[in-house]
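Student: Sequence first, predicted coordinates after that:
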Amino acid sequence: MYSVVVEHIYLLVTVTLVSVLQNAFFALKVEKEGKCQNIPASGFERVCCANRNCMDAYPTFLAVMWCAGLCLNQAPAAFAGIIYLVVRQKYFIGYMGQTSQSTPGFLFGKRILFFLFSMCIVGIFNYLLVHYYGADYKEYVETITGAASALLLIP
Amino acid sequence: MYSVVVEHIYLLVTVTLVSVLQNAFFALKVEKEGKCQNIPASGFERVCCANRNCMDAYPTFLAVMWCAGLCLNQAPAAFAGIIYLVVRQKYFIGYMGQTSQSTPGFLFGKRILFFLFSMCIVGIFNYLLVHYYGADYKEYVETITGAASALLLIP
Amino acid sequence: MYSVVVEHIYLLVTVTLVSVLQNAFFALKVEKEGKCQNIPASGFERVCCANRNCMDAYPTFLAVMWCAGLCLNQAPAAFAGIIYLVVRQKYFIGYMGQTSQSTPGFLFGKRILFFLFSMCIVGIFNYLLVHYYGADYKEYVETITGAASALLLIP
């Protein structure tokens, strides 16, 4: 059933991936410019800022996770998603911490998003291979992805 | 066809639900801290603030509505979605109203999002029941959901 | 396969389209009020503002593109998506440019979003025609859409 689905969405997934790259470019620009930004003082501003940073990255995360799950395999994608949520929770809590403490940067969970992003690319590449050459390495790829997702646990 | 789809996405839906819970946690933190926040004075700030609050909740709403529609039944999910949009319209208009008037809170449509959230959980639970025990209560569940969605109309 | 999918999601797509219309209404309100807003001075504020405007419109764009791709045909939807990303890149770069230069407005890519929006409506309308009357103009519609998407290139 999977290849049927992928056949009808692979172009959409590709565009989504490009848009994710663009989002990352924008976020890097913001982070670079914001180096000299001092930490907001009041508690409300801190919470508000943490919430906004989390919300800004939320659609990107959802899009990448669903694309990865649909194109390749849902289990590693869901596992990476859970790890991402844990990282986000840590980020939010850390943002609200002591002012003396160093604030976390604008971006978080870069490694996990990169992993999900790679899953999408591998899935589309695999589909194109099957479609044009008839080769199917999907079982191998899924096994490797499952094993690689365990590596995300390493801090 | 439905159970085939749910089989391939139920883990993704689960992670999405957890992320929605986390979003609600963040929003509650913001609301709690923002109690003492005074109402923005100028018209532009008010519109901008209303727009931002609506946009912050938008990906969450879309994700929950689509998951509920895919996992269980699209008709009650779409109905709840329409109600949510009406509530959002009221919220936006209310935010731009007189300054003397009490401003609506940070969150809105909590009940509807909770309803959609429950639909997702029931859908996944039903799928797992069918998958592991062979029982199928989907018809009953869909009837009950359809009836329950009418309760959302009560203010 | 398509009509099977559309049968199960057309109500959800309809609600998504209504929500997109509402987002456009909100954005127009913000743009109208923000006419007198002066250009932010510092570089960080400019980047931050550009990033926020892009991120605000991102879920809307994703939702419309995926709906258009699923309801009608993925190739024109993906093409319009690529054009939208190019426009967004120009917008972001233009926002960071010289202060003397006129800042781009709050909205961008209106034409492309409108095109994707029309694709969704045509797709749902076509599905309803097939379902209730048995007529199928999908081939014609897809050909016309493919041709119309080329018109987006005209600046």
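Tutor: Arrived safely, thanks for sending.
Student: Next up, the contacts around the residue minimising distance to the centre of chain A.
Tutor: The centroid of chain A falls nearest to A:L113 when counting by Cα atoms, centre = their mean (2.2 Å). Contacts for A:L113 (Cβ atoms under 8 Å, 6 or more residues apart in numbering or on different chains) come out as A:20, A:24, A:60-61, A:64, A:84. No exception for glycine: its C-beta is placed from N, CA and C like everyone else's.
Student: now with 6 Å?
Tutor: A:V64 (Cβ atoms under 6 Å, 6 or more residues apart in numbering or on different chains).
Student: can you tell me the helix or strand for it?
Tutor: A:L113 belongs to helix A:110-133 when assigned by DSSP states H and E.
Student: That helix - what's its average pLDDT?
Tutor: For helix A:110-133, the mean per-residue pLDDT is 84.
Student: in the following helix or strand past it, what's buried?
Tutor: Once helix A:110-133 ends, the next helix or strand along the chain (criterion: DSSP H and E) is helix A:138-150. By neighbour count on 16 or more other Cβ atoms under 10 Å in any protein chain shown, the buried set for helix A:138-150 is A:138, A:141-142, A:145, A:149.
Student: swap in stretch A:85-93?
Tutor: Those would be A:85, A:87-88, A:91-92, for stretch A:85-93 by 16+ other Cβ under 10 Å.
Student: quick one: low-confidence ranges for chain A?
Tutor: Low-confidence segments of chain A (pLDDT under 70): A:1-3, A:33-43, A:97-108, A:153-155.
Student: Go again with 90.
Tutor: A:1-58, A:60, A:64, A:66-155 (pLDDT under 90).
Student: ok, longest helix in it?
Tutor: Ranked by number of residues, the top helix in chain A under DSSP state H is helix A:2-33.
Student: Next to chain C, which bits of chain A? Give me the list.
Tutor: Applying Cβ under 6 Å from any Cβ of the partner chain, we find that chain A lies next to chain C at A:11-12, A:15, A:18-19, A:22, A:26, A:29-30, A:33-34, A:56, A:59, A:63.
Student: Output those of those also counted as contacts of chain B.
Tutor: Within the residues of chain A next to chain C, those near chain B by Cβ under 6 Å from any Cβ are A:P59.
Student: Can you select the buried ones among the residues of chain A next to chain C for me in ChimeraX?
Tutor: Of the residues of chain A next to chain C, the buried ones can be selected in ChimeraX as follows, counting by 16+ other Cβ under 10 Å:
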select /A:11,12,15,19,22,26,29,30,33,56,59,63
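Student: Which single one of the residues of chain A next to chain C is nearest to chain B?
Tutor: Lowest distance from chain B to these (Cβ to the nearest Cβ) belongs to A:P59, with 4.6 Å.
Student: ok, that closest one - contacts?
Tutor: By Cβ under 6 Å, 6+ apart, the contact list for A:P59 reads B:59, C:58-59.
Student: give me the element the closest residue in space to A:V18 that isn't next to it in sequence is part of.
Tutor: What sits nearest to A:V18 in space, not counting adjacent residues and going by Cβ to Cβ, 6 or more residues apart in numbering or on different chains, is C:L85, at 5.9 Å. Under the criterion of DSSP H and E, C:L85 resides in helix C:74-95.
Student: could you say what helices and strands that helix packs with?
Tutor: helix A:2-33, helix C:43-71, helix C:110-133, helix C:138-150 (3 or more Cβ pairs under 6 Å, 6 or more residues apart in numbering or on different chains; DSSP states H and E).
Student: out of the ones you listed, nearest to C:E7?
Tutor: helix C:110-133 (7.1 Å; Cβ to Cβ).
Student: For that closest one, list the C-alpha coordinates in PDB.
Tutor: Provided in PDB are the C-alpha atoms of helix C:110-133 (Å, rounded to 0.1, in the frame of the first residue of the first chain):
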ATOM      1  CA  LYS C 110      -1.500  36.000  -2.400                       C
ATOM      2  CA  ARG C 111      -1.900  34.900  -6.000                       C
ATOM      3  CA  ILE C 112      -0.300  31.500  -5.500                       C
ATOM      4  CA  LEU C 113      -2.300  30.800  -2.400                       C
ATOM      5  CA  PHE C 114      -5.400  31.800  -4.300                       C
ATOM      6  CA  PHE C 115      -4.400  29.400  -7.200                       C
ATOM      7  CA  LEU C 116      -4.000  26.500  -4.700                       C
ATOM      8  CA  PHE C 117      -7.200  27.400  -3.100                       C
ATOM      9  CA  SER C 118      -9.000  27.300  -6.400                       C
ATOM     10  CA  MET C 119      -7.500  23.900  -7.100                       C
ATOM     11  CA  CYS C 120      -9.000  22.500  -3.900                       C
ATOM     12  CA  ILE C 121     -12.400  23.900  -4.700                       C
ATOM     13  CA  VAL C 122     -12.300  22.500  -8.200                       C
ATOM     14  CA  GLY C 123     -11.200  19.100  -6.800                       C
ATOM     15  CA  ILE C 124     -14.000  18.900  -4.300                       C
ATOM     16  CA  PHE C 125     -16.500  20.200  -6.900                       C
ATOM     17  CA  ASN C 126     -15.300  17.500  -9.300                       C
ATOM     18  CA  TYR C 127     -15.600  14.800  -6.700                       C
ATOM     19  CA  LEU C 128     -19.200  15.900  -5.900                       C
ATOM     20  CA  LEU C 129     -20.100  15.900  -9.600                       C
ATOM     21  CA  VAL C 130     -18.700  12.400 -10.000                       C
ATOM     22  CA  HIS C 131     -20.400  11.100  -6.900                       C
ATOM     23  CA  TYR C 132     -23.900  12.500  -7.600                       C
ATOM     24  CA  TYR C 133     -24.100  12.700 -11.400                       C
END
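Student: What residues sit buried inside it?
Tutor: C:112-113, C:115-117, C:119-124, C:126-127, C:130.
Student: Go through those and name the one nearest chain B.
Tutor: Nearest to chain B among the buried residues of helix C:110-133 is C:I124, at 12.2 Å by Cβ to the nearest Cβ.
Student: isn't that closest one right next to C:L12, touching?
Tutor: No. Contact criterion Cβ atoms under 6 Å: C:I124 and C:L12 do not qualify, at 10.6 Å.
Student: Help me confirm that A:F26 comes into contact with C:A50.
Tutor: No. A:F26 is beyond contact range of C:A50, at 7.5 Å (criterion: Cβ under 6 Å).
Student: A:F79 and A:S149 touch, don't they?
Tutor: Yes. If you go by Cβ under 6 Å, A:F79 and A:S149 touch, sitting 5.0 Å apart.
Student: quick one on the thing from earlier: and the residue nearest to the centre of chain A, how far from A:L62?
Tutor: 11 Å (Cβ to Cβ, to the nearest Å).
Student: can you list the residues of chain A near chain B?
Tutor: Contacts of chain A with chain B, taken as Cβ under 6 Å from any Cβ, map to A:43-44, A:47-48, A:51, A:55, A:58-59, A:62, A:66, A:69, A:74, A:78, A:81-82, A:85.
Student: Narrow these to just the buried residues.
Tutor: Among those, those scoring as buried are A:44, A:47-48, A:51, A:55, A:58-59, A:62, A:66, A:69, A:74, A:78, A:81-82, A:85 (criterion: 16+ other Cβ under 10 Å).
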